[in-house]
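In: I need the structure of the sequence given here:
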Amino acid sequence: MPFPRKLLTPGEEVVVEAHPNWSILVRPVAIALVIVGGWVAVTLLWGSEPTVVGYIFAAIAVLAVLWLVSQLVSWRARLLVITTTRVVYRWGIVRRTGREIPLDRVQDVTYHQSFIERLVGAGSLTIESAGKSGQEPFPDVRHPAELQSLINQLITGDRDGWRRAAAVAQQAPMPAPMPAPAPAAPAQPFSPSYAEPPEKTDSLAPVAPREVSSAGLGGVLGEQLRDLERLHEAGVLTDDEFDRKRKQLLGLA
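Out: Okay, here's the model as predicted:
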């Protein structure tokens, strides 16, 4: 049963909400399987057993299954909740019990793990608080080391830290932040630029201005001639201005 959100105070946020570690169910499941398996084996192998014996074994098997169901319900009813202001632990099926520790009263957080508990990711958490309650044990919790770090980060107010620790404690990876889009480069207005005309060399033969075309020229000179032609076609340059500028670029002036 989840923690009722109506019990949260204004501004309070649930950070971790978890049931005890699954390892506490290993023993009840193993015992129930052994009892039911024994009943099936006796029924199949001992075909001539008295009817009363068969009923007794069947009743034991049914009781084992019911006991296993009660353990599952009890496991489901135990709940550890860590919010931004307190630690809550609830347990019980018919008779419900709850315990709360405000974070501002927490003085020490300790966890204990055996070798087997380290393998399965379980352990116990002990919170020492100011007041009459003293030390409060929380057995069979998941990832006790991460929960210890989470509580300490909540106490110190490290919001980014407790969010990372909560994701690890609940095995829920946090989404990676989306990269900010790169700003688009502003459009540059078209402005033709004219370089200094190349020096006149012996390899450049003089030609008539009207016979020179920019179609066969490349590089900076060809681009400048094409800019002049576009300006001339657009009516920006007169025929005389166009001829004079082209002669300057070709070194004929």
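
In: what about the helices in the stretch 101-250 of the chain?
Out: 115-120, 144-156, 159-169, 219-233, 239-250 (DSSP state H, counting those that start in this stretch).

In: and those helices, which one is worst for confidence?
Out: Of all these, helix 159-169 carries the lowest average pLDDT, namely a mean of 54.

In: What segments of the stretch 51-200 of the chain are strands?
Out: Remark: strands assigned in the stretch 51-200 of the chain by DSSP state E, counting those that start in this stretch are 79-83, 86-91, 97-102, 106-112, 122-129, 135-142.

In: Out of the ones you listed, the one nearest R230 is which?
Out: strand 79-83 (70.1 Å; Cβ to Cβ). Any C-beta I mention is one placed from the backbone N, CA and C, and that applies to glycine too.

In: which non-adjacent residue is nearest L231?
Out: Nearest non-adjacent residue to L231, counting by Cβ to Cβ, 6 or more residues apart in numbering: L237, 4.8 Å away.

In: same thing with W91?
Out: Excluding its sequence neighbours, the residue lying closest to W91 (Cβ to Cβ, 6+ apart) is R78, at 4.4 Å.

In: cool, T97 as well?
Out: Spatial nearest neighbour of T97, excluding adjacent residues (Cβ to Cβ, 6+ apart): W91 at 5.8 Å.

In: what's around that neighbour, how many residues?
Out: A count of nearby residues for W91, using other Cβ atoms under 10 Å, gives 16.

In: rewinding a little: can you put the strands of the stretch 51-200 of the chain in JSON lines and add mean pLDDT and distance to A59?
Out: JSON lines is the format used below for those (pLDDT from 0 to 100; distance: least, Cβ to Cβ, whole Å):
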{"stretch": "strand 79-83", "mean pLDDT": "88", "distance to A59": "33"}
{"stretch": "strand 86-91", "mean pLDDT": "86", "distance to A59": "29"}
{"stretch": "strand 97-102", "mean pLDDT": "85", "distance to A59": "32"}
{"stretch": "strand 106-112", "mean pLDDT": "89", "distance to A59": "40"}
{"stretch": "strand 122-129", "mean pLDDT": "87", "distance to A59": "34"}
{"stretch": "strand 135-142", "mean pLDDT": "83", "distance to A59": "31"}
